[in-house]
Structure formats: structure tokens, C-alpha cells
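Enquirer: Take a look and give me a structure for this.
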Amino acid sequence: MTETALRDFKKFTRESLPRVEVLAQGHRACQGCGEILALRMALKAMGKNIIVASATGCMEIVTSSYPQTAWEVPWIHVAFENAAAVASGIESGRKALMRKGRLRKQRITVVAMAGDGGTADIGIQALSGALERGHDFVYICLDNEAYMNTGIQRSSATPYGAMTTTSPPGKLSIGQRTWKKNVPAIAAAHTIPYVATASPAYYLDLMNKAKKAAMIKGPAYLHLFSPCPTGWRLAPERTVEISRLAVQTNVFPLYEVVDGRYIITKKIKRPKPVEEYLKLQGRFRHLDNKTIRQIQVRVDKEYDLLVQKAGLTETQEESKHN
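Expert: Predicted structure coming up:
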């Protein structure tokens, strides 16, 4: 059980943050990149005893321009769609080598990472298969809500109404016409031990979830909010502010699913209007008040559903102990 694996879990505090750096200084990420910020936090929490399979995307480009690399750990560049499949092979090979005595028995965390395009779209088949097979690895989705590396094209994680190069607004279009795919819920539906959402604005929450994911035996899925100032038409210095607003407006709620139990880790008592989040981003500047109200209704509905799931979990736990 996951609870047993986390029996010795000790939370990071401001005073006990790890000093280890998995990503060296000098990478080529854009100013204000929320993706590199969130990734660095997660990897610091996991430590250096890891192997990373990294799908093609922004993080691959900015950290591995030949002949240089920003990686301080074993790192493998893989195709856009198969980070989870390659991580499955690494994990299986690691177990075989330890079983044959060719590798000392130790805890080596296998990490697969990809953007929302490499996760929610072309990578979802490999991800689903790896989760279903129960491989012992951590999957990190760096969600910047579009294919940013190849020119800001829409993905199935692009939010409703957002402007991208392939969903431009116009007389007959408001931009992106579908709602964001809920990949954490899809991962949780595989009944894996651990699923969590996290934001770099709440760094202790993010790092503690990453630490948990690395400790747990079996598949763990981390969905990290990763603002892209370039693609979102956002001032680079406002990355942390927009990350915080996404949580405060319930656009991106923070929760974890432990053995199927939903737990909201940051409860917002007085949510701010979604408009405060949207108005800071140029990708939403074309939206009218009617569309913003429509988005608000959708955000409220999805958050209420999350609260219901967490409430059902709490009710079930109470009934077990009574």
C-alpha cells in the first residue's frame, strides 16, 4: 500500500530544502519559463539517484544543445510520443540487472517527462500502457498548454478560448473550441498508487509531491503547471504570479490521489474571479464578457466535481474508522 511506502516520509520545509541540483546553470530556457522552474523543483526533490527519459520538447531543446548539456544525471532523449515506453524499458532493465547481480540493489528512480502535447496527445497511448502494466516510475507532464517548441500550436490541453497559431480567433472563431483534457483524472482512472497536480507558485507543495512520487513503488503521475510567457503572451516576470492565480481562481486546483483517495492540498476559501487570471494573458485578450462568464461556469462546475470526489473520499474514510 502507498501508505506503507510513505511511512517514513518527511516533508520538506523552508529550512530543509535540498541543495542538490540535477539541472546545471546555463540552460537555454526563455526568460520567465515556468516549465524549467517547475522541473527544477521536482528534480531537486527527487535527488540525483535518477535516470531521466525526456521526450522531444522545450526542455530537451534548452538543456541539451550539442555539444553541451545541463543534465547532471543519466538522461536519454526519446521521441515525442514514447517517453513512458522508454522509461518502462529502463525500469525493466534495471530490475533485471539487479536480479542478476550485475547492478547493486538500490533505489533508482526512473523519470519520464514530456509536455502536454507529448502526454495528452501523441504520448497518451504509451503512458496508458505503462500505467496499466504497473511499471515503477514517475511520469512528469510539464503542462504549458500548447506545442510551444514547434510554434505554439494547440494541443488537447489548450484551454477553451485560447489563441494559438492553429486556433486563431476571428469572425467565426473564438480560438480554441474544445475544453482542456483532464489528464490527471485519466491517470487516476488507471488505479495507480499516486497522482498529483502541482504549481511552481507553491514550491513546497510541488517538491513534497515529487518526493512522494519518487518514494512510492509503482507508477506515479505528476502534472505540473508550467506557464510559457512566449506562448501565453505573458510578461516574463509574472510567471509565479500567474501560477498562483491559476490556483486561486480554481483554474488549476492542487490535489493528489493516493490509492484512489482524492485529497485537495490547497483549499481556496474565497476563489478569485477567473477574469483576473485571463486578463494578464494576451492569448485571451479577444474574449468577450459572455465567453468569460461561460469559462467561469465551467471552472466552478469542475471544481465542484473535484470537491465531491474529495468529500466522498473523506466520508469513506470516516465510515471505515467508525
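
Enquirer: give me phi/psi at the residue nearest to Gly123 when sequence neighbours are not counted?
Expert: Excluding the flanking residues, the one nearest Gly123 by CB to CB, 6 or more residues apart in numbering is Glu81, at 4.8 Å. Placement of C-beta: from N, CA and C, glycine included. Per-residue torsions, Glu81: phi -100, psi 0 (degrees, to the nearest 10).

Enquirer: OK, contacts around Glu81?
Expert: By CB atoms under 8 Å, 6 or more residues apart in numbering, the contact set of Glu81 is Ala55, Gly118, Ile122, Gly123, Gln125, Ala126.

Enquirer: what's the most distant pair in the residues you listed?
Expert: Farthest-apart pair in those is Ala55 and Gln125; separation 13.2 Å (CB to CB).

Enquirer: neighbour-wise, which of those two wins?
Expert: Set Ala55 next to Gln125 and count neighbours by other CB atoms under 10 Å: Ala55 wins out with 26 against 13.

Enquirer: partner residues bridging that one?
Expert: Applying DSSP bridges to Ala55 gives these bridge partners: Val78.

Enquirer: For it, give its distance to Tyr147.
Expert: Taking CB to CB, to the nearest Å as the measure, Ala55 falls 12 Å from Tyr147.

Enquirer: Repeat that for Ile61.
Expert: 12 Å.

Enquirer: If you count surrounding residues, which of the two has more?
Expert: More neighbours surround Tyr147 than the other of Ile61 and Tyr147, with 26 against 14 (other CB under 10 Å).

Enquirer: Verify the stated contact: that one with Gln153.
Expert: Yes. The pair formed by Tyr147 and Gln153 meets the contact definition of CB atoms under 8 Å, at 4.2 Å.

Enquirer: what touches both of these two?
Expert: Here Tyr147 and Gln153 have Gly117 as joint contacts, going by CB under 8 Å, 6+ apart.

Enquirer: in the stretch 151-300 of the chain, what spans have low per-residue confidence?
Expert: Scanning the stretch 151-300 of the chain for pLDDT under 70 picks out no residues.

Enquirer: what are the ranges of the strands in it?
Expert: Secondary structure of the stretch 151-300 of the chain (DSSP state E, counting those that start in this stretch): strands located at 194-198, 220-225, 255-258, 261-264.

Enquirer: just so I know, which of those strands lies nearest Gly26?
Expert: Per CB to CB, nearest to Gly26 of the strands of the stretch 151-300 of the chain: strand 220-225, 22.1 Å.

Enquirer: Who are the packing partners of the closest one?
Expert: Helices and strands touching strand 220-225, by 3 or more CB pairs under 8 Å, 6 or more residues apart in numbering; DSSP states H and E, are helix 34-46, strand 138-143, helix 183-188, strand 194-198, helix 203-215.

Enquirer: which one of these lies closest to Glu256?
Expert: Distance to Glu256, taken as CB to CB, is lowest for strand 194-198 among the helices and strands packed on strand 220-225, at 4.0 Å.

Enquirer: Now do the closest one against strand 138-143, angle only.
Expert: Interaxial angle of strand 194-198 relative to strand 138-143 (axes from the mean of the first three to the mean of the last three CA atoms, to 10 degrees): 30 degrees.

Enquirer: Sheet partners, orientation included, of strand 194-198?
Expert: Applying DSSP bridges, strand 194-198 is found paired with strand 220-225 (parallel), strand 255-258 (antiparallel).

Enquirer: What segments of the stretch 51-200 of the chain are helices?
Expert: In the stretch 51-200 of the chain, the segments counted as helices under DSSP state H, counting those that start in this stretch are 58-63, 83-99, 116, 124-133, 183-188.

Enquirer: which one of the ones you listed is the most hemmed in?
Expert: Highest mean neighbour count of these: helix 116, a mean of 26 (counted as mean count of other CB atoms under 10 Å).

Enquirer: could you give the mean pLDDT of that helix?
Expert: The pLDDT scores in helix 116 average 98.

Enquirer: Show me what that helix is packed up against.
Expert: Where contact means 3+ CB pairs under 8 Å, 6+ apart, helix 116 is packed against strand 138-143.

Enquirer: and the strand it packs on, C-alpha only, in PDB?
Expert: Below are the C-alpha coordinates for strand 138-143, written out as PDB (Å, rounded to 0.1, in the frame of the first residue of the first chain):
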ATOM      1  CA  VAL A 138       7.500   8.700 -12.100                       C
ATOM      2  CA  TYR A 139       5.900  10.400 -15.100                       C
ATOM      3  CA  ILE A 140       6.000  14.200 -15.200                       C
ATOM      4  CA  CYS A 141       3.800  16.200 -17.500                       C
ATOM      5  CA  LEU A 142       5.000  19.700 -18.000                       C
ATOM      6  CA  ASP A 143       1.800  21.500 -19.000                       C
END
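
Enquirer: got the contact list for that strand?
Expert: Residues from elsewhere that reach strand 138-143, judged by CB under 8 Å, 6+ apart: 35, 38-39, 42, 46, 57-59, 83-84, 87, 109-116, 119-120, 127, 130-131, 157, 183, 187, 210, 213-214, 219-226.

Enquirer: try it again with 7 Å
Expert: Residues from elsewhere that reach strand 138-143 (CB atoms under 7 Å, 6 or more residues apart in numbering): 35, 38-39, 42, 59, 84, 109, 111-116, 119, 127, 157, 183, 213-214, 220-226.
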